[in-house]
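> What follows is a predicted structure for the sequence shown.
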Amino acid sequence: MFNFIAFLITQIGAINWLCIGLFQFDIIAGIFGSQSHFVSRFIYTIIGLFSIYLIIYALIKKGKLNLFNNKNTTKK
């Protein structure tokens, strides 16, 4: 579940970068008033940390990212 949350938050950051690239509009800064607002900086930091986590996790697992760790699944 933690991997799914990290993936979801990282995708929100990616969508924000898409909006910056296409429309020159920062969604997070638009919501909270500016890029230097404490909440905006906190969200940017969280997105960055989750991104680093996913990169390290993917390297450790040799490219396999399990979003849901279902331990009860059986292979047929």
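Cool, got the structure. Everything quoted here is computed from the prediction, not taken from an experiment. Residues are numbered from 1 along each chain as shown.

> Every contact and neighbour count from this point should use C-alpha atoms.
OK.

> pLDDT value on residue 73, please?
Model confidence at residue 73, expressed as pLDDT, equals 54.

> chain center to the one helix or strand residue 54 maps to, what's the gap?
Assigned by DSSP states H and E, residue 54 belongs to helix 38-60. Centre-to-centre, helix 38-60 and its host chain are 6 Å apart (CA atoms, centre = their mean, to the nearest Å).

> same deal with stretch 62-71?
Taking the mean of its C-alpha atoms, stretch 62-71 sits 16 Å from the chain's own mean (CA atoms, centre = their mean).

> Stretch 53-66 now?
14 Å.

> end-to-end on that stretch?
13 Å (CA to CA, to the nearest Å).

> ok, now which ones touch the residue nearest to residue 41 when sequence neighbours are not counted?
Take residue 41 and drop its neighbours on the chain: the residue closest to it by CA to CA, 6 or more residues apart in numbering is residue 35, 6.6 Å away. Taking CA atoms under 8 Å, 6 or more residues apart in numbering, we find residue 35 in contact with 28, 29, 41.
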